[in-house]
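> no sequence on this one, just coordinates:
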């Protein structure tokens, strides 16, 4: 799928550059006045009126390719397949047993009653804000 996406992006960039080049090659409406007085229309590559038709049709074709490539990119972006696995799934599997873990990386074992004691010590150490009357402070604005 990624290769198709890249090909469509390359096609879109090439068609955009082609449109830019073809638009810059075309003559504006003011160039017709100069050719009416005999300045160079007969010496053009495509004849007196052939260049405008050829360049216009080529620009239209390049614009159609650009729009089709844009729609294909939108379709590709919205209809991507579901990922089977993530980035971590492609890593090699490593077996880790308790014997392989170094002592410096092993977590210290804390007994359950010690963990409960430390939680009560932390709760007792936290000061409770009180007002001047000695009761717990509320979140009300004084009158």
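In hand now; what should we look at? What you see is a predicted model; the values in this text were computed from it and never measured.
> next, the buried residues of the top helix by length along the chain.
When the chain is parsed with DSSP state H, its longest helix is helix 50-78. Buried residues in helix 50-78, counting neighbours by 16 or more other CB atoms under 10 Å, are found at 51, 55, 58-59, 62-63, 65-66, 69, 72. Every C-beta, even on glycine, is put in place using the N, C-alpha and C of the backbone.
> pLDDT of it, averaged?
Mean per-residue pLDDT for helix 50-78: 89.
> other SSEs contacting that helix?
The helices and strands touching helix 50-78, judged by 3 or more CB pairs under 8 Å, 6 or more residues apart in numbering; DSSP states H and E, are helix 2-25.
> next, the buried residues of the helix it packs on.
For helix 2-25, burial by neighbour count (16+ other CB under 10 Å) applies to 8, 11-12, 15-16, 18-19, 22.
> could I get those as CSV with distance to residue 79 and pLDDT?
Output for those, formatted as CSV (distance: CB to CB, whole Å; pLDDT from 0 to 100):
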residue, distance to residue 79, pLDDT
8, 13, 95
11, 18, 96
12, 18, 96
15, 22, 97
16, 23, 96
18, 28, 96
19, 27, 96
22, 32, 93
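> which one of these sits closest to residue 78?
Within the buried residues of helix 2-25, the smallest distance to residue 78 is 13.6 Å, found for residue 8 (CB to CB).
> please name the nearest non-neighbouring residue to the closest one.
Nearest non-adjacent residue to residue 8, counting by CB to CB, 6 or more residues apart in numbering: residue 72, 5.0 Å away.
> repeat that for residue 59.
Leaving aside its chain neighbours, residue 59 sits nearest to residue 22 (4.4 Å; criterion: CB to CB, 6+ apart).
> who's in contact with stretch 11-30?
Residues outside stretch 11-30 that contact it (CB atoms under 8 Å, 6 or more residues apart in numbering): 51-52, 55-56, 58-59, 62-63, 65-66, 69-70, 73.
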